[in-house]
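Undergrad: Here is the input, now give the coordinates:
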Amino acid sequence: MASCEPEEVQSQFDEWKRKQDEELRQRTAEIKHQLDEAQRKFAESFTRNEHNEHNEQNELELTDAKSQFELGHMYHRKGNYGKAAEYYLQASQQGNVDAKRMLGDMYYWHASDFDEAAKWYNRAAQTCLEAAEQGNSEAQYKLGEVYNSAMDYDNAFKWWKKSAEQGHAKAQLWLAHLYDMGRGVEQDHNEALRLWEKSAEQGNSAAQYNLGLIYDYGIFVNEDKIKAFEFYKKSAEQGERSAQYNLGHFYRLGLGGAAKDKAEAAKWYKRAAEQGDVNALRYL
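TA: Residues are numbered from 1 along each chain as shown. You can find the predicted model right below:
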């Protein structure tokens, strides 16, 4: 059997790494071009149409910011960044904070253009800053999202804490993550647990799933399969894919007080699989 000398193996690895790096550079440059081109075209289109109040197509495109954001998010998930940017730009023109934040994310994570990313994060922050300072809990939550995306955890903590103190369930969820990770605040698992419980009490499915994991695996609490089952079930019934998958396990194995039930297990595996969980397919 032929064998390779260490120098030859290293050379092959270096060549493979060089090709990977080059492909990444090309892909990053391509995405940056797509995003910049989308901005250029949008600016030109907006300039042409701003003097034409009766342009029905333009009115249609710019009327519903939420729909434009959701359409952009769909293209974003599919990796069509240029098309995603087109719709994010339309939504951002109307002040949609999420669209501005996602433009920042695309420039940061996919185009490696940190200056342009900062510009969009700042625009997103400015959009909701006034309302947040006036005590609007939703604006405070959104501002925390913007700072978290920009990895400014001190300010993310500041605004999520203000929002969470007003009972905002999503702010409680994400503030708990900061306490759990020790980002922007000293690590405190007990406080993270308290906040996840607060959020779960309000029906937040992600918080319920997190609590399911915590009790399932005994993460900084005593393992409690019964509580894990209860939280997984609440979360799964709201459509949380990972909770559905884990709930399938509990019914298949008869854990947490659940009777073994192959049919019930299959039902939850199927729901998880329908949402794209490929691991669930193994049990169907």
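
Undergrad: quick check: longest helix of the protein.
TA: In the chain, taking DSSP state H as the definition, the longest helix is helix 6-49.

Undergrad: List the buried residues for stretch 105-116?
TA: Residues of stretch 105-116 classed as buried under the neighbour-count rule (16 or more other C-beta atoms under 10 Å) are 105-108, 110-111, 113, 116. Yep, even glycine has a C-beta here, placed from its N, CA and C like the rest.

Undergrad: Please convert those to a markdown table, extending it with distance to residue 29 and pLDDT.
TA: Formatted as a markdown table, the buried residues of stretch 105-116 follow (distance: C-beta to C-beta, whole Å; pLDDT from 0 to 100):
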| residue | distance to residue 29 | pLDDT |
| --- | --- | --- |
| 105 | 18 | 90 |
| 106 | 14 | 92 |
| 107 | 13 | 89 |
| 108 | 15 | 89 |
| 110 | 11 | 91 |
| 111 | 8 | 89 |
| 113 | 10 | 90 |
| 116 | 14 | 93 |
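
Undergrad: So which of those residues is the closest to residue 203?
TA: Comparing the buried residues of stretch 105-116 against residue 203 with C-beta to C-beta places residue 105 closest, at 27.3 Å.

Undergrad: Which strands and helices lie in contact with the helix or strand that closest one falls within?
TA: Assignment of secondary structure by DSSP states H and E places residue 105 within helix 97-105. Under the contact criterion of 3 or more C-beta pairs under 8 Å, 6 or more residues apart in numbering; DSSP states H and E, helix 97-105 touches helix 65-77, helix 81-93, helix 114-133, helix 137-149.

Undergrad: tell me the angle of it relative to helix 6-49?
TA: Using axes from the mean of the first three to the mean of the last three C-alpha atoms, to 10 degrees, the interaxial angle of helix 97-105 with respect to helix 6-49 works out to 140 degrees.

Undergrad: now, which of the buried residues of stretch 105-116 sits nearest residue 251?
TA: Here the nearest of the buried residues of stretch 105-116 to residue 251, counting by C-beta to C-beta, is residue 105; it sits at 37.3 Å.

Undergrad: OK, contacts around that closest one?
TA: With C-beta atoms under 8 Å, 6 or more residues apart in numbering as the criterion, the residues that contact residue 105 are 117, 149.

Undergrad: Counting by contacts, list what the longest helix of the chain packs against.
TA: Here helix 6-49 touches helix 81-93, going by 3+ C-beta pairs under 8 Å, 6+ apart.

Undergrad: so is residue 219 in a helix, a strand, or just coil?
TA: In terms of secondary structure, residue 219 is coil; the call rests on DSSP: H, G, I helix; E, B strand; the rest coil.

Undergrad: Return the residues in contact with it.
TA: Residues counted as contacts of residue 219 (C-beta under 8 Å, 6+ apart) are residue 213.

Undergrad: for residue 253, same thing?
TA: Residues near residue 253 by C-beta under 8 Å, 6+ apart: residue 260.

Undergrad: I'd like the distance between it and residue 269.
TA: Taking C-beta to C-beta, to the nearest Å as the criterion, residue 253 is separated from residue 269 by 12 Å.

Undergrad: One more: residue 132?
TA: Note on residue 132: its distance to residue 269, by C-beta to C-beta, is 42 Å.

Undergrad: That'll do, ta.
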